[in-house]
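Q: Sequence and predicted structure below; questions after.
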Amino acid sequence: MSALNIKKGSTSHSAYNLKAGYEDTVERHTLAILVENEPGTLARVIGLFAGRGYNIESLTVAETDHHGHLSRITIVTSGTPQVIEQIKAQLGRIVPVHKVNDLTVEGPSVERELALFKVAGKGDARIEAVRLADIFRANVVDSTLESFVFEVVGTSEKIDAFGELMRPLGLTEVVRTGIAALSRGT
């Protein structure tokens, strides 16, 4: 394999990919897409991903300009640099799409996600769940004698870590919003 000069982390080991400077490592990208808020727009954007076999790791969408009838779709996806460029180009050709920004390459950005965790437990497990929630700055948004619902806001990694700690304490249900992201600065 060393004769082929395959880069570490490569996902494709085909001899047909031996172009000079060819980069085939998979990267995670956050795309912010400004679109017309009209019926069918989200379906067209999602259809582009589904039709070409691209995976969506996270998806959020909401109207952001009521007067201009614009919505913002934030999609987290993974692919080689060539695939990401292809996705951006194809998104830009969809008629209701106004603008496509790749927050991953445009500079520093802020990403946050909201999650709700239902944790059922009694006794020591219940006390430990509340203690860990305090460490993670999770809010208790519902409480019964048998369970808590915690609200956690932060990076996806923080939410993943909280979930892993709650699992042995009686985690029964998780709901996640998906990533919302903005570029930093002006």
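A: Perfect, I can see it now.

Q: Contacts only, for the residue nearest to residue 147 when sequence neighbours are not counted.
A: Leaving out its chain neighbours, the residue that sits closest to residue 147 by Cβ to Cβ, 6 or more residues apart in numbering is residue 120, at 4.3 Å. Any C-beta I mention is one placed from the backbone N, CA and C, and that applies to glycine too. Residue 120 is in contact with 146, 147, 170, 172, counting by Cβ atoms under 8 Å, 6 or more residues apart in numbering.

Q: Not counting sequence-adjacent ones, nearest residue to residue 170?
A: Residue 170 sits nearest to residue 121 (Cβ to Cβ, 6+ apart), 3.6 Å away.

Q: so how many other residues sit close to that neighbour?
A: Residue 121: 20 surrounding residues under other Cβ atoms under 10 Å.

Q: Now it. Its backbone dihedrals?
A: phi 180, psi 170 (degrees, to the nearest 10).

Q: returning to what we had before: give me the pLDDT for the residue nearest to residue 147.
A: pLDDT recorded at residue 120 is 97.

Q: do the one 3 residues further on as well
A: At residue 123 the predicted local distance difference test score is 93.

Q: any idea how far residue 129 is from it?
A: 11 Å (Cβ to Cβ, to the nearest Å).

Q: So those two - more neighbours on which side?
A: Higher neighbour count among residue 123 and residue 129: residue 129, with 24 against 7, using other Cβ under 10 Å.

Q: picking up where we left off before, just put the contacts of residue 120 in JSON lines and tack on pLDDT.
A: Formatted as JSON lines, the contacts of residue 120 follow (pLDDT from 0 to 100):
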{"residue": "146", "pLDDT": "94"}
{"residue": "147", "pLDDT": "96"}
{"residue": "170", "pLDDT": "97"}
{"residue": "172", "pLDDT": "98"}
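
Q: quick check, nearest of these to residue 101?
A: Each of the contacts of residue 120 was checked against residue 101 using Cβ to Cβ; the closest is residue 172, at 37.6 Å.

Q: Isn't the closest one up against residue 149?
A: No - counting by Cβ atoms under 8 Å, residue 172 does not reach residue 149; the two are 10.1 Å apart.

Q: where do the contact lists of those two overlap?
A: 118, 119.

Q: which of these two has more neighbours?
A: residue 149 (17 against 12).

Q: Which residues does the more buried one form beta bridges with?
A: Beta-bridge pairing for residue 149 (DSSP bridges): residue 118, residue 142.

Q: do you know how far it is from residue 116?
A: Going from residue 149 to residue 116 by Cβ to Cβ gives 6 Å.

Q: got the CA coordinates for stretch 165-175 in PDB?
A: What follows is stretch 165-175, C-alpha atoms only, in PDB (Å, rounded to 0.1, in the frame of the first residue of the first chain):
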ATOM      1  CA  LEU A 165     -23.300   9.500  32.000                       C
ATOM      2  CA  MET A 166     -27.100   9.300  32.300                       C
ATOM      3  CA  ARG A 167     -27.400   5.900  30.600                       C
ATOM      4  CA  PRO A 168     -26.500   3.800  33.700                       C
ATOM      5  CA  LEU A 169     -28.600   6.100  35.900                       C
ATOM      6  CA  GLY A 170     -31.800   5.300  34.100                       C
ATOM      7  CA  LEU A 171     -31.900   7.300  30.900                       C
ATOM      8  CA  THR A 172     -35.100   6.300  29.100                       C
ATOM      9  CA  GLU A 173     -35.500   8.900  26.300                       C
ATOM     10  CA  VAL A 174     -33.600  11.500  24.500                       C
ATOM     11  CA  VAL A 175     -34.700  14.300  22.100                       C
END
